[in-house]
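Undergrad: Build me a structure from this.
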Amino acid sequence: MNSTTAIRQKVAVVIFEDASRDLARAYRGLMTAVEFLEAGDDITVVYDGSGVDTLAAASASDHQLHPLVEKLRSVTLGACGFCAKAHGVVEPITAGGWPLLGDYKGHASMRRLVVEGYQILTF
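TA: Numbering: from 1, shown residues only. Below is the predicted model of the structure:
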């Protein structure tokens with residue numbers, strides 16, 4: 001039995017990085033999520049803080065992260081609604097068909113992920 005595939009993992013990847021400031025960090029977070037997805041793990045992706053800027057930009061079909069964001073669409077929980085408003089990116093996020101999360105005082109809830117048993121990885 002291969003130890004890397006024996007146990008199904010439950011992981012939430014939270015993208016906090018604005019790709020315009022650190023493309024490599026945002027890319028690595030998305031690739032980490034793809035790795036878990038391809039392994040058949042229980043994976044979810046959340047965009048929070050400046051990460052909402054990454055989702056807004058990568059929703060455009062000509063953005064270099066667009067293919068990764070789309071590959072993760074089915075496992076993406078959404079973007080923090082409070083942060084999307086604060087960063088002025090509600091329109092491109094909702095136009096891209098992404099949900100806005102506001103389950104904790106208008107913010108995406110990290111506690112919810114922990115309660116649901118997700119290990120949280122941040123990028």
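
Undergrad: From now on I want contacts and neighbour counts done on CA atoms only, so please keep to that.
TA: Noted.

Undergrad: Okay, now the unreliable bits of this protein?
TA: For the chain, the stretches with pLDDT under 70 are 1-5.

Undergrad: in the longest helix along it, what counts as buried?
TA: The longest helix of the chain (DSSP state H) is helix 23-38. Across helix 23-38, burial judged by 16 or more other Cα atoms under 10 Å covers 25-27, 29-34, 36-37.

Undergrad: what's the burial count for residue 14?
TA: By other Cα atoms under 10 Å, the residues close to residue 14 number 24.

Undergrad: partners of the helix or strand hosting it, with directions?
TA: Using DSSP states H and E, residue 14 falls within strand 10-15. Using DSSP bridges, the strands paired with strand 10-15 in its sheet are strand 42-47 (parallel), strand 119-122 (parallel).

Undergrad: Let's have the ones you listed in a markdown table, adding distance to residue 20 and mean neighbour count.
TA: Putting these into a markdown table (distance: least, Cα to Cα, whole Å; neighbours: other Cα atoms under 10 Å) gives the following:
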| stretch | distance to residue 20 | mean neighbour count |
| --- | --- | --- |
| strand 42-47 | 15 | 24 |
| strand 119-122 | 17 | 14 |
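
Undergrad: For those strands, give me a markdown table that also has distance to residue 75.
TA: A markdown table is the format used below for the strands paired with strand 10-15 (distance: least, Cα to Cα, whole Å):
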| stretch | distance to residue 75 |
| --- | --- |
| strand 42-47 | 5 |
| strand 119-122 | 14 |
